[in-house]
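[1] heads up, no residue letters with this:
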(Lines give C-alpha, C1' and ligand atoms only; values in the text may rest on other atoms or scores of the structure.)
Protein backbone atom coordinates (compact mmCIF):
# COMPACT_ATOMS: atom_id res chain seq x y z
CA UNK A 1 0.00 0.00 0.00
CA UNK A 2 1.40 3.37 -1.01
CA UNK A 3 1.90 5.78 1.86
CA UNK A 4 1.76 9.50 1.20
CA UNK A 5 4.33 11.64 2.94
CA UNK A 6 1.58 14.17 3.62
CA UNK A 7 0.07 11.73 6.12
CA UNK A 8 3.08 12.33 8.38
CA UNK A 9 2.91 16.14 8.14
CA UNK A 10 0.72 18.23 10.41
CA UNK A 11 -1.79 20.66 8.89
CA UNK A 12 -0.12 23.95 8.05
CA UNK A 13 -2.15 25.85 10.65
CA UNK A 14 -0.63 23.64 13.35
CA UNK A 15 2.98 24.39 12.41
CA UNK A 16 5.06 27.20 13.87
CA UNK A 17 4.61 30.76 12.64
CA UNK A 18 8.20 30.87 11.39
CA UNK A 19 7.72 27.73 9.30
CA UNK A 20 4.40 28.95 7.91
CA UNK A 21 5.93 32.24 6.83
CA UNK A 22 8.74 30.36 5.10
CA UNK A 23 6.23 28.15 3.28
CA UNK A 24 4.23 31.17 2.13
CA UNK A 25 7.34 32.89 0.84
CA UNK A 26 8.20 29.86 -1.32
CA UNK A 27 4.63 29.81 -2.68
CA UNK A 28 5.10 33.14 -4.50
CA UNK A 29 4.92 32.48 -8.26
CA UNK A 30 7.10 34.05 -10.92
CA UNK A 31 5.33 35.81 -13.79
CA UNK A 32 6.20 37.18 -17.24
CA UNK A 33 4.83 40.71 -17.58
CA UNK A 34 4.43 42.06 -21.10
CA UNK A 35 4.71 45.81 -21.46
CA UNK A 36 4.60 48.43 -24.19
CA UNK A 37 6.82 51.48 -24.47
CA UNK A 38 4.93 54.45 -25.90
CA UNK A 39 6.89 57.45 -27.15
CA UNK A 40 5.57 60.87 -28.03
CA UNK A 41 7.54 63.85 -29.28
CA UNK A 42 5.80 67.13 -28.49
CA UNK A 43 6.33 69.84 -31.09
CA UNK A 44 5.98 72.41 -28.35
CA UNK A 45 6.68 71.60 -24.72
CA UNK A 46 6.39 74.25 -22.09
CA UNK A 47 6.20 74.13 -18.32
CA UNK A 48 3.98 76.69 -16.62
CA UNK A 49 4.52 77.62 -13.00
CA UNK A 50 2.46 80.05 -10.91
CA UNK A 51 4.07 81.93 -8.03
CA UNK A 52 2.29 83.20 -4.91
CA UNK A 53 1.57 86.70 -6.18
CA UNK A 54 -0.19 85.33 -9.25
CA UNK A 55 2.54 85.98 -11.77
CA UNK A 56 3.26 83.16 -14.20
CA UNK A 57 6.69 81.93 -15.18
CA UNK A 58 7.16 79.97 -18.40
CA UNK A 59 10.14 77.74 -18.91
CA UNK A 60 10.90 76.00 -22.19
CA UNK A 61 12.37 72.50 -22.20
CA UNK A 62 15.44 71.75 -24.33
CA UNK A 63 14.45 70.09 -27.61
CA UNK A 64 16.50 66.99 -26.73
CA UNK A 65 14.17 66.28 -23.80
CA UNK A 66 10.88 66.71 -25.66
CA UNK A 67 10.35 62.99 -26.04
CA UNK A 68 7.93 61.67 -23.45
CA UNK A 69 7.48 57.97 -22.77
CA UNK A 70 5.02 55.81 -20.85
CA UNK A 71 5.02 52.11 -20.11
CA UNK A 72 1.73 50.25 -20.07
CA UNK A 73 0.90 46.60 -19.35
CA UNK A 74 -0.04 44.40 -22.29
CA UNK A 75 -3.19 42.32 -22.57
CA UNK A 76 -1.52 39.46 -24.42
CA UNK A 77 0.47 38.31 -27.43
CA UNK A 78 -2.22 39.40 -29.91
CA UNK A 79 -3.17 42.77 -28.53
CA UNK A 80 -4.47 46.17 -29.49
CA UNK A 81 -2.92 47.91 -26.51
CA UNK A 82 -1.44 50.64 -28.69
CA UNK A 83 -4.98 51.83 -29.48
CA UNK A 84 -7.00 50.44 -26.55
CA UNK A 85 -4.91 50.74 -23.44
CA UNK A 86 -5.57 48.43 -20.48
CA UNK A 87 -7.70 49.78 -17.64
CA UNK A 88 -5.87 47.75 -15.03
CA UNK A 89 -2.20 47.11 -14.19
CA UNK A 90 -3.04 43.48 -13.48
CA UNK A 91 -3.24 42.10 -17.01
CA UNK A 92 -1.35 39.13 -15.58
CA UNK A 93 -3.04 37.92 -12.37
CA UNK A 94 -1.20 38.47 -9.12
CA UNK A 95 0.01 35.28 -7.39
CA UNK A 96 -2.72 33.40 -5.55
CA UNK A 97 -0.67 33.46 -2.34
CA UNK A 98 -1.68 37.12 -1.96
CA UNK A 99 -5.30 36.03 -1.57
CA UNK A 100 -4.99 32.69 0.24
CA UNK A 101 -4.94 33.88 3.85
CA UNK A 102 -4.26 37.06 5.79
CA UNK A 103 -1.03 35.49 6.95
CA UNK A 104 0.15 34.67 3.41
CA UNK A 105 -0.76 38.17 2.25
CA UNK A 106 1.25 39.72 5.07
CA UNK A 107 4.28 37.69 3.94
CA UNK A 108 3.96 38.29 0.20
CA UNK A 109 2.75 41.86 -0.10
CA UNK A 110 6.09 43.49 0.89
CA UNK A 111 7.67 41.67 -2.07
CA UNK A 112 5.55 43.66 -4.56
CA UNK A 113 5.56 47.31 -5.52
CA UNK A 114 4.08 49.55 -8.18
CA UNK A 115 6.72 50.50 -10.75
CA UNK A 116 7.04 52.21 -14.12
CA UNK A 117 3.84 54.21 -13.65
CA UNK A 118 5.26 57.64 -14.46
CA UNK A 119 6.01 59.64 -17.56
CA UNK A 120 9.68 59.69 -18.55
CA UNK A 121 12.12 61.53 -20.75
CA UNK A 122 14.91 59.92 -22.76
CA UNK A 123 17.17 59.90 -19.69
CA UNK A 124 14.66 57.74 -17.81
CA UNK A 125 13.86 60.61 -15.45
CA UNK A 126 10.27 60.72 -14.19
CA UNK A 127 8.70 63.98 -15.37
CA UNK A 128 5.14 63.17 -14.24
CA UNK A 129 3.01 66.17 -13.45
CA UNK A 130 4.26 68.23 -16.36
CA UNK A 131 1.51 69.78 -18.51
CA UNK A 132 2.23 67.62 -21.58
CA UNK A 133 0.87 64.26 -20.50
CA UNK A 134 0.90 61.68 -23.30
CA UNK A 135 -2.20 59.82 -22.07
CA UNK A 136 -5.29 61.94 -21.58
CA UNK A 137 -7.59 59.01 -20.75
CA UNK A 138 -7.90 59.10 -16.93
CA UNK A 139 -8.77 55.40 -16.85
CA UNK A 140 -5.72 54.25 -18.81
CA UNK A 141 -3.20 52.43 -16.68
CA UNK A 142 0.54 52.88 -16.77
CA UNK A 143 3.07 50.80 -14.91
CA UNK A 144 2.64 47.46 -13.24
CA UNK A 145 2.84 45.71 -9.90
CA UNK A 146 5.78 43.34 -9.77
CA UNK A 147 8.28 41.44 -7.70
CA UNK A 148 11.58 42.42 -9.37
CA UNK A 149 13.46 39.45 -7.91
CA UNK A 150 11.35 36.76 -9.60
CA UNK A 151 9.12 38.47 -12.18
CA UNK A 152 10.30 39.01 -15.75
CA UNK A 153 9.56 42.02 -17.95
CA UNK A 154 8.94 41.34 -21.64
CA UNK A 155 9.11 44.24 -24.09
CA UNK A 156 8.73 44.18 -27.87
CA UNK A 157 11.31 45.81 -30.13
CA UNK A 158 11.17 46.35 -33.89
CA UNK A 159 14.80 46.27 -34.97
CA UNK A 160 14.18 47.02 -38.64
CA UNK A 161 14.68 50.77 -38.24
CA UNK A 162 17.38 52.62 -36.33
CA UNK A 163 14.85 54.85 -34.55
CA UNK A 164 13.14 51.73 -33.21
CA UNK A 165 16.42 50.29 -32.06
CA UNK A 166 17.02 53.52 -30.17
CA UNK A 167 13.92 52.70 -28.14
CA UNK A 168 15.92 49.89 -26.53
CA UNK A 169 18.16 52.62 -25.09
CA UNK A 170 15.13 54.57 -23.90
CA UNK A 171 13.65 51.52 -22.21
CA UNK A 172 16.99 50.67 -20.61
CA UNK A 173 17.30 54.26 -19.34
CA UNK A 174 13.91 54.01 -17.65
CA UNK A 175 14.59 50.55 -16.24
CA UNK A 176 17.97 51.62 -14.83
CA UNK A 177 16.30 54.27 -12.67
CA UNK A 178 12.91 52.70 -11.98
CA UNK A 179 13.60 48.93 -11.73
CA UNK A 180 17.37 48.54 -11.18
CA UNK A 181 16.71 45.37 -9.17
CA UNK A 182 14.91 43.48 -11.96
CA UNK A 183 16.73 40.20 -12.61
CA UNK A 184 15.50 39.18 -16.06
CA UNK A 185 14.31 41.01 -19.16
CA UNK A 186 12.97 39.46 -22.36
CA UNK A 187 13.08 41.39 -25.64
CA UNK A 188 10.66 40.17 -28.31
CA UNK A 189 12.53 40.94 -31.54
CA UNK A 190 10.31 41.95 -34.43
CA UNK A 191 11.23 42.44 -38.08
CA UNK A 192 8.68 44.71 -39.72
CA UNK A 193 7.76 43.83 -43.29
CA UNK A 194 8.12 46.90 -45.48
CA UNK A 195 7.18 45.67 -48.95
CA UNK A 196 7.48 49.09 -50.54
CA UNK A 197 10.46 50.13 -48.47
CA UNK A 198 13.48 48.17 -49.60
CA UNK A 199 15.92 50.92 -48.67
CA UNK A 200 18.80 50.00 -46.42
CA UNK A 201 17.40 52.09 -43.58
CA UNK A 202 14.48 49.67 -43.33
CA UNK A 203 16.79 46.66 -43.08
CA UNK A 204 18.80 47.98 -40.17
CA UNK A 205 18.99 44.67 -38.35
CA UNK A 206 21.34 43.27 -41.02
CA UNK A 207 24.20 45.45 -39.81
CA UNK A 208 24.22 46.49 -36.17
CA UNK A 209 27.36 48.49 -36.87
CA UNK A 210 30.99 47.98 -35.96
CA UNK A 211 30.71 50.16 -32.86
CA UNK A 212 28.04 47.94 -31.25
CA UNK A 213 26.13 51.09 -30.32
CA UNK A 214 22.85 49.16 -30.02
CA UNK A 215 23.90 47.69 -26.66
CA UNK A 216 22.62 50.16 -24.00
CA UNK A 217 25.56 49.34 -21.72
CA UNK A 218 25.75 52.66 -19.89
CA UNK A 219 22.25 52.05 -18.57
CA UNK A 220 22.53 48.31 -18.03
CA UNK A 221 25.53 48.70 -15.71
CA UNK A 222 23.26 50.67 -13.39
CA UNK A 223 20.95 47.67 -12.99
CA UNK A 224 22.43 45.90 -10.00
CA UNK A 225 19.91 43.06 -10.06
CA UNK A 226 20.14 42.20 -13.75
CA UNK A 227 21.33 38.66 -14.43
CA UNK A 228 19.92 37.68 -17.79
CA UNK A 229 18.58 39.20 -21.01
CA UNK A 230 16.74 36.96 -23.47
CA UNK A 231 16.09 37.78 -27.12
CA UNK A 232 13.06 36.03 -28.60
CA UNK A 233 14.11 35.10 -32.10
CA UNK A 234 11.53 35.17 -34.93
CA UNK A 235 10.58 31.70 -36.20
CA UNK A 236 11.74 32.55 -39.73
CA UNK A 237 15.49 31.87 -39.61
CA UNK A 238 16.01 33.94 -42.76
CA UNK A 239 15.44 36.86 -40.44
CA UNK A 240 18.22 37.01 -37.85
CA UNK A 241 20.25 34.04 -39.15
CA UNK A 242 22.82 32.16 -37.07
CA UNK A 243 25.73 34.34 -38.15
CA UNK A 244 23.81 37.43 -37.05
CA UNK A 245 23.15 35.84 -33.68
CA UNK A 246 26.83 35.02 -33.23
CA UNK A 247 27.88 38.57 -34.11
CA UNK A 248 25.29 40.00 -31.74
CA UNK A 249 26.51 37.83 -28.86
CA UNK A 250 30.11 38.92 -29.50
CA UNK A 251 29.13 42.58 -29.53
CA UNK A 252 27.26 42.14 -26.26
CA UNK A 253 30.36 40.79 -24.52
CA UNK A 254 32.64 43.39 -26.08
CA UNK A 255 30.50 46.33 -24.95
CA UNK A 256 30.24 45.06 -21.36
CA UNK A 257 33.98 44.57 -21.16
CA UNK A 258 34.43 48.24 -22.09
CA UNK A 259 32.46 49.18 -18.96
CA UNK A 260 33.93 46.55 -16.66
CA UNK A 261 35.15 49.10 -14.12
CA UNK A 262 31.54 50.27 -13.69
CA UNK A 263 30.00 46.85 -13.07
CA UNK A 264 27.99 46.86 -9.83
CA UNK A 265 29.40 44.77 -6.99
CA UNK A 266 26.17 42.75 -6.96
CA UNK A 267 27.21 41.17 -10.27
CA UNK A 268 30.20 39.56 -8.52
CA UNK A 269 32.37 39.97 -11.60
CA UNK A 270 29.92 38.33 -14.03
CA UNK A 271 28.13 40.31 -16.72
CA UNK A 272 24.45 39.58 -17.45
CA UNK A 273 24.09 36.78 -19.95
CA UNK A 274 22.48 37.16 -23.37
CA UNK A 275 20.49 34.23 -24.70
CA UNK A 276 18.53 33.63 -27.88
CA UNK A 277 15.54 31.35 -27.84
CA UNK A 278 12.93 30.62 -30.53
CA UNK A 279 9.70 32.56 -30.26
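    Everything's here; your move. Predicted model, so just to flag it, every value in this text is computed and none were measured.

[2] only C-alpha atoms for contact and neighbour calcs from this point on.
    Noted.

[3] what sits up against the helix or strand hosting residue 174?
    Per DSSP states H and E, residue 174 falls inside helix 162-178. Outside helix 162-178, the residues that touch it by CA atoms under 8 Å, 6 or more residues apart in numbering are 37, 115-116, 120, 122-125, 157-159, 201, 204, 214-216, 219-220, 222-223.

[4] Specify the local secondary structure of residue 224.
    Three-state call for residue 224 (DSSP: H, G, I helix; E, B strand; the rest coil): coil.

[5] Look up how far residue 117 lies from it.
    21 Å (CA to CA, to the nearest Å).

[6] Now list the buried members of the contacts of helix 162-178.
    Listed as buried from the contacts of helix 162-178 are 37, 115-116, 120, 122-124, 157-159, 204, 214-216, 219-220, 222-223; burial here means 16 or more other CA atoms under 10 Å.

[7] For stretch 161-173, list every residue counted as buried.
    161-162, 165-173.

[8] Pipe those into a markdown table and attach pLDDT and distance to residue 151 per row.
    Putting these into a markdown table (pLDDT from 0 to 100; distance: CA to CA, whole Å) gives the following:
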| residue | pLDDT | distance to residue 151 |
| --- | --- | --- |
| 161 | 78 | 29 |
| 162 | 78 | 29 |
| 165 | 83 | 24 |
| 166 | 84 | 25 |
| 167 | 85 | 22 |
| 168 | 88 | 20 |
| 169 | 90 | 21 |
| 170 | 90 | 21 |
| 171 | 92 | 17 |
| 172 | 94 | 17 |
| 173 | 93 | 19 |
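
[9] which residues in the chain form helices?
    Using DSSP state H, the helices found in the chain span residues 17-26, 97-100, 102-108, 162-178, 217-220, 242-258.

[10] now for the fifth one, which elements pack on it?
    Applying 3 or more CA pairs under 8 Å, 6 or more residues apart in numbering; DSSP states H and E, we find helix 217-220 packed against helix 162-178.

[11] Can you give me the pLDDT of residue 150?
    Looking at residue 150, its pLDDT is 92.

[12] Ignoring the adjacent residues along the chain, who's closest to it?
    residue 30 (5.2 Å; CA to CA, 6 or more residues apart in numbering).

[13] That neighbour against residue 146, yeah?
    No: using CA atoms under 8 Å, residue 30 is not in contact with residue 146; the gap is 9.4 Å.

[14] quick one, which of these two is more surrounded?
    More crowded of residue 30 and residue 146, by other CA atoms under 10 Å: residue 146, with 25 against 15.

[15] partner residues bridging that one?
    residue 113 (DSSP bridges).

[16] any idea of the mean pLDDT in stretch 184-195?
    78.

[17] can you check stretch 21-41 too?
    On average, stretch 21-41 scores 82.

[18] for stretch 261-278, same thing?
    94.

[19] in that stretch, what counts as buried?
    Result for stretch 261-278 [16+ other CA under 10 Å]: buried residues 263-264, 271-272, 274.

[20] For those, work out which two are farthest apart.
    264 and 274 (17.5 Å; CA to CA).

[21] Quickly list what residue 70 is bridged to.
    Beta-bridge partners, per DSSP bridges, of residue 70: residue 38.

[22] my guess is it meets residue 115, correct?
    No: at 11.5 Å, residue 70 does not count as touching residue 115 under the criterion of CA under 8 Å.

[23] Report pLDDT for residue 80.
    Model confidence at residue 80 (pLDDT) stands at 61.

[24] again with residue 232
    pLDDT, read off for residue 232, is 91.

[25] What residues are bridge-paired with it?
    With DSSP bridges as the rule, residue 232 is bridged to residue 188, residue 277.
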